[in-house]
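Chemist: Below are the sequence and a predicted model for it; my questions follow.
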Amino acid sequence: TLDQNQTEQLQHVVETTEENSNTVYDVTISTDDQTETIPTEIESPEETTFEANIEDINEISEGQDIETTVEITNITETIQEETTTIQIENQNTGELLKEKQFTHELEPSKTINETIIINTQQGDNGSYTATAPTDERIDTTTFEIIEPPEFLIEITDTNSPITAGDELEITTTIENTGGEQGTQQIELQTEQFNTSENITLDAGETNTETITIQTGQQDDGTYELTTSTVSDNDTTEVQINSPPQYEVNIIETNSPIQATETASFTFEVKNTGDIPDEQLIQYDIATVDTGSIWVSLDGGESMTETITFNTKEANQGEHVTTVQSNDGSDTDVFTINQPPKATFAVQIPENQTPDKVITDDSIEIPVEITNQAQPDTTTVTVHGFDDSSSKEITLDEDESITQTFTLSTNTTTDQTYTITAETHN
């Protein structure tokens, strides 16, 4: 069977006898398409002097050395000298792989052995015939040079992208395109990982192998991954993502404040990983306020949140403020100060009260009242003539008013009395 334009040489050996000597024969070769005839004369044989026998040659792989022995014997009864030619020929192309000649002078029935070593190389695979002709006698042996194991490898799949800490899986297809069974090491390499395993394949066999690598939490990155055999390699890119990582930072507060004022603080949450995630962010202002919010962020995304809360006088002091995620926390000190007490000043204007009064009467006393601090309420009481009068006064910061207080002069004693105005704050 031949492809188009293909040529193949065939050798056909026909044994003859002495009876065929000195006769011309027509040798006819025919195909379905053509016939050719060549006249061939068989001559009388000359007397054979040496006989050569070639040791059988076993199947070998390209690149190996062929070593065979030729046994040469003088089969006459006299001392003879003869040259023996050994030829190694490709059966398909007729190309000589090796030719070597030996010239010997041998006594009758004497035998000598010669060793032939032939170096083969890549591309020498095929069927060969080793021939040792001596005069009219030919000894032959046939053998095969086969392709050595050649493992071709291809990366067919990976489970990339994965998250750091997970297993990375690389699926490869390995085919032995050589002519014999072999075992080779399958190696997987990146700048971060290196692993290998051995595989045995028959000639022409294909197998699928999945290589697994355990990654670490710090192995995130993009890697060029190479799988290789002795004969071949293939490369692909794999992505190992960093796991979700929520960093929290308190970035602003309105500390310090005074008790009863509204407190606030602002914190930032950032997912420094590559993978989206949702986490519960908890915050705590010791003994004052606690709470939590759910935050969902893509990889690299951030958000800010401001928390406000009312304070009481009982909250005075320094408080540790904490914001916490599953992966970290941040703290700050929040100060709540005691509010300043209100300071009310009272004054009875000069020349605003009579110098003398009569008994069983009443007198009106004007009092100027000033709030010298923050808004507040106080009680102002005016004393005099064994009587008193009180009023509750509410004033803003720095506000002043004048209020009139009425006292009864229920006294029967003629004497000098003192009128006093005071606040209770």
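Modeler: Great, that's in hand.
Chemist: For the helix or strand containing Thr183, name the packing helices and strands.
Modeler: Secondary structure from DSSP states H and E places Thr183 in strand 182-189. Where contact means 3 or more C-beta pairs under 8 Å, 6 or more residues apart in numbering; DSSP states H and E, strand 182-189 is packed against strand 151-158, strand 167-176, strand 194-201, strand 206-214, strand 221-228. (Each C-beta comes from the backbone N, C-alpha and C, glycine too.)
Chemist: Ser264 looks like it's in a strand, true?
Modeler: Yes - Ser264 forms part of a strand when assessed by DSSP: H, G, I helix; E, B strand; the rest coil.
Chemist: quick one on the thing from earlier: return the set of buried residues in the strand holding Thr183.
Modeler: Gly182, Gln184, Ile186, Glu187, Leu188, Gln189 (16 or more other C-beta atoms under 10 Å).
Chemist: same check, this time on stretch 247-266
Modeler: For stretch 247-266, by 16+ other C-beta under 10 Å, it's Glu247, Val248, Asn249, Ile250, Thr253, Ser255, Ile257, Ala259, Ala263, Phe265, Thr266.
Chemist: again with stretch 144-161
Modeler: Ile145, Ile146, Glu147, Pro148, Pro149, Glu150, Phe151, Leu152, Ile153, Ile155, Thr158, Ser160.
Chemist: can these go into a markdown table with extra columns for distance to His383 and pLDDT?
Modeler: Formatted as a markdown table, these follow (distance: C-beta to C-beta, whole Å; pLDDT from 0 to 100):
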| residue | distance to His383 | pLDDT |
| --- | --- | --- |
| Ile145 | 133 | 87 |
| Ile146 | 129 | 87 |
| Glu147 | 125 | 86 |
| Pro148 | 123 | 87 |
| Pro149 | 119 | 89 |
| Glu150 | 119 | 90 |
| Phe151 | 114 | 93 |
| Leu152 | 114 | 94 |
| Ile153 | 108 | 94 |
| Ile155 | 102 | 95 |
| Thr158 | 95 | 94 |
| Ser160 | 91 | 92 |
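Chemist: mind putting those residues in TSV, distance to Ile75 included?
Modeler: Shown next, in TSV, are those (distance: C-beta to C-beta, whole Å):
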residue	distance to Ile75
Ile145	32
Ile146	36
Glu147	41
Pro148	41
Pro149	44
Glu150	46
Phe151	51
Leu152	53
Ile153	57
Ile155	64
Thr158	70
Ser160	74
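Chemist: Tell me which two of the buried residues of stretch 247-266 sit farthest apart.
Modeler: Glu247 and Ala259 (32.5 Å; C-beta to C-beta).
Chemist: So which residues of the stretch 51-200 of the chain form helices?
Modeler: For the stretch 51-200 of the chain, helices defined by DSSP state H, counting those that start in this stretch do not occur.
Chemist: Any stretches of it with poor pLDDT?
Modeler: Counting by pLDDT under 70, the stretch 51-200 of the chain has low-confidence residues at 134-137.
Chemist: OK, contacts around Thr416?
Modeler: By C-beta atoms under 8 Å, 6 or more residues apart in numbering, the contact set of Thr416 is empty.
Chemist: Which residue is the nearest non-sequential neighbour of Glu82?
Modeler: Phe50 (4.5 Å; C-beta to C-beta, 6 or more residues apart in numbering).
Chemist: for that neighbour, which residues make a bridge with it?
Modeler: Asn74 (DSSP bridges).
Chemist: Any figure for the gap between Ile170 and Asn254?
Modeler: 55 Å (C-beta to C-beta, to the nearest Å).
Chemist: Over to Thr359?
Modeler: When Thr359 is compared with Asn254 (using C-beta to C-beta), they lie 61 Å apart.
Chemist: Look at the closest residue to Thr158 other than its chain neighbours and say how many residues are nearby.
Modeler: Using C-beta to C-beta, 6+ apart and skipping residues adjacent in sequence, the residue nearest Thr158 is Ile170, 5.1 Å away. Each residue near Ile170 was counted by other C-beta atoms under 10 Å, and the total is 23.
Chemist: Hmm, Ile170 is touching Ile153, no?
Modeler: No - using C-beta atoms under 8 Å, Ile170 is not in contact with Ile153, being 10.8 Å away.
Chemist: which residues do the two both contact?
Modeler: Joint contacts of Ile170 and Ile153 (C-beta under 8 Å, 6+ apart) are Thr227.
Chemist: Now tabulate the buried residues of strand 182-189 in TSV and tack on distance to Val333.
Modeler: Output for the buried residues of strand 182-189, formatted as TSV (distance: C-beta to C-beta, whole Å):
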residue	distance to Val333
Gly182	72
Gln184	66
Ile186	60
Glu187	57
Leu188	53
Gln189	52
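Chemist: which of these lies closest to Gly204?
Modeler: Distances from Gly204 to these, taken by C-beta to C-beta, are shortest for Gly182, at 11.6 Å.
Chemist: Please tell me how far that closest one sits from Ser61.
Modeler: 9 Å.
Chemist: any shared contact partners between the two?
Modeler: Pro148.
Chemist: got the contact list for the closest residue to Thr28 other than its chain neighbours?
Modeler: Nearest non-adjacent residue to Thr28, counting by C-beta to C-beta, 6+ apart: Thr37, 4.6 Å away. Shown in contact with Thr37 (C-beta under 8 Å, 6+ apart): Asp26, Val27, Thr28, Ile29.
Chemist: do that again at 10 Å, thanks
Modeler: Asp26, Val27, Thr28, Ile29, Ser30 (C-beta atoms under 10 Å, 6 or more residues apart in numbering).
Chemist: Where does the residue most central in space within the chain sit, in terms of helix or strand?
Modeler: Nearest residue to the geometric centre of the chain (C-alpha atoms, centre = their mean): Ile240, 2.5 Å. Using DSSP H and E, Ile240 maps to strand 233-241.
Chemist: Dump the helix or strand just after that strand to PDB, keeping only the CA atoms.
Modeler: Helices and strands here follow DSSP H and E; after strand 233-241, the next one along the chain is strand 246-253. In PDB, the C-alpha atoms belonging to strand 246-253 read as follows (Å, rounded to 0.1, in the frame of the first residue of the first chain):
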ATOM      1  CA  TYR A 246     -12.000  43.100  56.300                       C
ATOM      2  CA  GLU A 247      -9.800  45.900  57.700                       C
ATOM      3  CA  VAL A 248     -11.600  48.400  60.100                       C
ATOM      4  CA  ASN A 249     -10.300  51.800  61.100                       C
ATOM      5  CA  ILE A 250     -11.800  54.600  63.200                       C
ATOM      6  CA  ILE A 251     -11.100  57.600  61.100                       C
ATOM      7  CA  GLU A 252     -13.000  60.400  63.000                       C
ATOM      8  CA  THR A 253     -14.800  61.200  66.300                       C
END
